[in-house]
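Peer 1: Below are the sequence and a predicted model; questions follow.
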Amino acid sequence: MPSHGTETEYKLNLEDTMDFPDSAHVPAAPPKPGESWIIFGEIVRDNSSTCPVFIIKDKIDDDFPVVFHTKNPVQDATACKIGHILCITSGMRVPFSRDGGSLSGYVITDPSTVFVLPCSMAQLRALNKCLRDKNDRGEMDLCNSCKKASTERCSKCQTPYCSRECQAADWKEGGHRKECPVIARLHIWNRTDWG
């Protein structure tokens, strides 16, 4: 039985330290073929000077720097906003030196390995819990607004709706506009076989 979910079964565990390592569980070796993980944390400070540098707080409240050292670092870091989640695919920590002390963080050299989720750590965890709870109650195919049988889906995140009217109401009044890109990413992660 696969450890990942499917389109109809949501079982993503953001606390899994193999798929989503925190600072205490970062792999020491690069990923093998077919293997990957996501390092994620909330952007808590912008320390940029000559290049974009952000301080990230991970899910165990450890903070570390992320430095953009790409061809176009300022452009590649434009989505980085304080309070949003920065995600690094298969990130490997590197040592930095600061004021005689040592610290480690991440240097981004390939912009395709990093993306930003427009939410806080608390919001990410709450959305994941909501999806897990819906799965546990057998509601993954029920309308997100009224809980009737669904016939429509959001084209971006596949959230179910019984009608275009319920979908439009949820977009305008139910908060789906802000949650949609995060839910879409959570569904991708749910279906990913991390190796």
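Peer 2: Ah, there it is.
Peer 1: Tell me who's in contact with His90.
Peer 2: To be clear, residue 90 is Ser; His isn't right here. Ser90 is in contact with Pro30, Pro31, Glu35, Ser36, Trp37, Ile38, Thr113, counting by CB atoms under 8 Å, 6 or more residues apart in numbering. No exception for glycine: its C-beta is placed from N, CA and C like everyone else's.
Peer 1: how about the nearest residue to Lys148, chain neighbours excluded?
Peer 2: Cys162 (4.2 Å; CB to CB, 6 or more residues apart in numbering).
Peer 1: same check, this time on Pro160
Peer 2: Once flanking residues are discounted, Pro160 sits nearest to Ser150: 3.3 Å by CB to CB, 6+ apart.
Peer 1: Give me the number of neighbouring residues for the one you found.
Peer 2: 21 (other CB atoms under 10 Å).
Peer 1: Hmm, Cys143 and it touching each other?
Peer 2: Yes. The pair Ser150 / Cys143 is scored as a contact, 5.1 Å apart, by CB atoms under 8 Å.
Peer 1: which residues do those two both contact?
Peer 2: Counting by CB under 8 Å, 6+ apart, the contacts common to Ser150 and Cys143 are Pro160, Tyr161, Cys162.
Peer 1: quick one: which of those residues has the most company?
Peer 2: Within the shared contacts of Ser150 and Cys143, Tyr161 tops the neighbour count with 24 neighbours, counted by other CB under 10 Å.
Peer 1: so can I have TSV of the shared contacts of Ser150 and Cys143 showing secondary structure, pLDDT and distance to Trp194?
Peer 2: As requested, the shared contacts of Ser150 and Cys143 are arranged in TSV below (DSSP: H, G, I helix; E, B strand; the rest coil; pLDDT from 0 to 100; distance: CB to CB, whole Å):
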residue	secondary structure	pLDDT	distance to Trp194
Pro160	strand	94	26
Tyr161	strand	95	30
Cys162	coil	95	34
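Peer 1: mind putting those in JSON lines, distance to Asp136 included?
Peer 2: Output for these, formatted as JSON lines (distance: CB to CB, whole Å):
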{"residue": "Pro160", "distance to Asp136": "16"}
{"residue": "Tyr161", "distance to Asp136": "21"}
{"residue": "Cys162", "distance to Asp136": "21"}
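Peer 1: Looking at these, which one is closest to Glu7?
Peer 2: In terms of CB to CB, no member of the shared contacts of Ser150 and Cys143 lies closer to Glu7 than Pro160, at 10.9 Å.
Peer 1: what's the closest one in contact with, if anything?
Peer 2: Neighbouring residues of Pro160 by CB under 8 Å, 6+ apart: Met140, Asp141, Leu142, Cys143, Asn144, Ser150, Glu152, Arg153.
Peer 1: Among these, the buried ones, what's the ChimeraX command?
Peer 2: Applied in ChimeraX, the following selects the buried portion of those according to 16 or more other CB atoms under 10 Å:
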select :140,142,143,144,150
